[in-house]
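K.L.:
coords please:
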Amino acid sequence: MADLRERLKINEERLKEVNDFILDPDSELINRLLEIVEQYGGPEEINRKANEARKLENLLTRLK
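P.N.:
Next up is the predicted model:
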């Protein structure tokens, strides 16, 4: 099991590449993703709606 867990490790060079991509202000993909997130109220609002949708009473209402 430890070997499998070790295989999930992201080496520092690759992690830096991912961070560089995410933080690049010219990254069209990330810019578009952030625009979409903002359209839905930002991360906090998206998470609030997700938490509300997971409540049992709301799931049962949707099921009906």
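K.L.:
Quick check, central residue of the protein?
P.N.:
Centroid check for the chain by Cα atoms, centre = their mean gives residue 43 as the closest residue, at 8.7 Å.
K.L.:
Show me what secondary structure element comes after the host helix or strand of it.
P.N.:
Taking DSSP states H and E as the criterion, residue 43 maps to helix 42-53. Sequence-wise, the next helix or strand downstream of helix 42-53 (DSSP H and E) is helix 56-63.
K.L.:
Flag every buried residue along that following helix.
P.N.:
When burial is assessed from 16 or more other Cβ atoms under 10 Å, helix 56-63 yields no buried residues. Backbone N, C-alpha and C define where each C-beta goes, glycine included.
K.L.:
next one: stretch 10-30
P.N.:
Neighbour-count burial for stretch 10-30, with 16+ other Cβ under 10 Å as criterion, is recorded at no position.
K.L.:
Show residues contacting it.
P.N.:
Stretch 10-30 has contacts (Cβ atoms under 8 Å, 6 or more residues apart in numbering) with residue 31.
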